[in-house]
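> kindly generate the corresponding structure for this input.
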Amino acid sequence: MVSNSYQLWKQPNFLKLWSSQTLNSFAEILLRVVVMLEVYRLTNSVLGAASVFAFMSLSSFISSLIVSRIIDNYSMKKILFSVGWLRGILVIAIGGFIYIENTVGLTLLFLAISLYSFAGAWYQPARFAILPLIIPREQYIKANGTLVMIQQLLMVAGWGLGGVLAAFIWYPIIISVIAVAYVVSGLFVYLIKVEEKNLSVKKNTKRIPAWKEVWRIPVVRGITMMETIEGISNAIWTSALLLAFATVVLNAGEEWWGFLNAGYFVGAILGSIIVTFNAKILENKIGIMIGLSGVSMGVLTIIFSFTTVPIIAVLLCVLMGPMYQARDICQVALLQDAIPEERRAGIMAARSAFLTPWNGIMVLIVGFAADVFSVQMVYLIAGILYFMGSLLAFQQTSLRNYEFKDSEKSKMTT
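Predicted coordinates for the structure are as follows:
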């Protein structure tokens, strides 16, 4: 049944998916922290520790290219369940290889990390695709806001908690907790009751490649073009650029770099809460909301670029958090509604295969630009680019006037 008054937290399937993603996010963040610390201990090298993230990113990119072509042929529920169990097994392997303190052990470790990330690239597209199958349309924004909120909370707490756990708890125990979290995450998905289209029909249907669909569907094309432009702007919020801004522009100590990061995360959490409790308002003019969020980010970023007072810079970061999260959550909900059910996972994987390396390249280019010109100039240009991206939301009719339409029948299964 579809009803505006239907309470999200009373839907068993959503609770199971929420629990699954919470455990998945917790395990992923904790593993990154612990493995990075252990690799740094083994190699005594910052490059060695950074290589963990490089291998993860490369494996995810390669996996996304494959996923976008074949994921639509399989059950999203089975994919999420299988990924949870497979990553649990790979975590045990990672934990074991760390104890082989030689070149062979390190090689096996990075191979296991690559496989872990390769499997993980299947999770987000499948999770994106299954959510609209278990909740009614009018709950898309609220549901995504709730999932993003817990993810942001875990990101804030996870890095600090991971360091503390690594310092005081025996390493095998931490690895065991992470592995169990992944396995239980898979079990929660297994318990979800959902009807999916006949897989034999899906496999035998000749389809347009997912990457072509990204550019064929007007709304998906518009949002992807916005994210391509904003990929340049978003590069300014990397830790390295923020550190340079704190020390060079604000002429403050490194502690203010931490305050800037914390300020954004506080704003992001607040934004998720605001979006979750005002979903109906945002749903009515979702395209306009996406555009206005881009305009707000542009204004605040330009003001930020001229700021020389640390506390004002922190407050601006807090204000940016809700704007960015509102736009991000609305975009995800809109894509879930606009993309046909049988193509959701494949199209999202194709977008990821394009946007992930693009964003990585932009981080390098923006860092180079900050060295050649100035950190302040880079932030000013980023603010202008946020404006340019937002113009697409207002210019494209299909995006500007997009509205959630009532479904003929409920997508809910109980």
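
> how is the protein divided into domains?
Listed domain ranges for the chain are 8-204, 210-400 (source: automatic domain parsing).

> what is the end-to-end distance of the last one?
With Cα to Cα, to the nearest Å as the measure, the first residue of domain 210-400 is 24 Å from its last.

> what pLDDT, on average, does it get?
If you average the pLDDT over domain 210-400, you get 86.

> in JSON lines: the domains of the chain, plus mean neighbour count.
To be clear about C-beta, it is placed using only N, CA and C from the backbone, and glycine gets the same treatment. Shown next, in JSON lines, are these (neighbours: other Cβ atoms under 10 Å):
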{"stretch": "domain 8-204", "mean neighbour count": "19"}
{"stretch": "domain 210-400", "mean neighbour count": "19"}
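
> who touches whichever helix or strand G258 is part of?
Assigned by DSSP states H and E, G258 belongs to helix 254-277. Residues outside helix 254-277 that contact it (Cβ atoms under 8 Å, 6 or more residues apart in numbering) are 141-142, 145-146, 148-149, 152-153, 155-156, 237, 239, 242-243, 245-247, 250, 282, 310, 313-326, 329-330.

> and the longest helix for this structure?
The residue-count maximum for a helix in the chain (DSSP state H) belongs to helix 12-43.

> now for whichever helix or strand comes after that helix, which elements pack on it?
As assigned by DSSP H and E, the chain's next helix or strand after helix 12-43 is helix 46-70. Counting contacts by 3 or more Cβ pairs under 8 Å, 6 or more residues apart in numbering; DSSP states H and E, helix 46-70 packs against helix 12-43, helix 103-120, helix 210-216, helix 344-372.

> residues contacting helix 46-70, please?
Helix 46-70 has contacts (Cβ under 8 Å, 6+ apart) with 32, 35-37, 39-40, 42-43, 110, 113-122, 125, 209-211, 345-347, 349-350, 352-353, 356-357, 360.

> pLDDT on that helix, on average?
Across helix 46-70, pLDDT averages out at 80.

> that one to helix 12-43, inter-axis angle?
Here helix 46-70 runs at an angle of 140 degrees relative to helix 12-43 (axes from the mean of the first three to the mean of the last three Cα atoms, to 10 degrees).

> tell me the strands in the stretch 301-414 of the chain, going along the chain?
With DSSP state E, counting those that start in this stretch, there are no strands along the stretch 301-414 of the chain.

> sorry, back to before: next one: whatever helix or strand comes next after the helix holding G258 to chain centre, how far?
The element immediately downstream of helix 254-277 (helix or strand, assigned by DSSP H and E) is helix 279-284. Its chain's C-alpha centre and that of helix 279-284 lie 22 Å apart, by Cα atoms, centre = their mean, to the nearest Å.

> then helix 279-284 to PDB, C-alphas only?
The C-alpha trace of helix 279-284 is given here as PDB (Å, rounded to 0.1, in the frame of the first residue of the first chain):
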ATOM      1  CA  ALA A 279      10.900  15.200   2.500                       C
ATOM      2  CA  LYS A 280       7.400  16.100   1.200                       C
ATOM      3  CA  ILE A 281       8.300  19.800   0.600                       C
ATOM      4  CA  LEU A 282      11.400  18.800  -1.300                       C
ATOM      5  CA  GLU A 283       9.600  16.200  -3.300                       C
ATOM      6  CA  ASN A 284       7.200  18.700  -4.800                       C
END
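
> output the below-cut-off pLDDT ranges for the stretch 51-200 of the chain.
156-160, 163, 196-200 (pLDDT under 70).

> cheers, nothing more for now.
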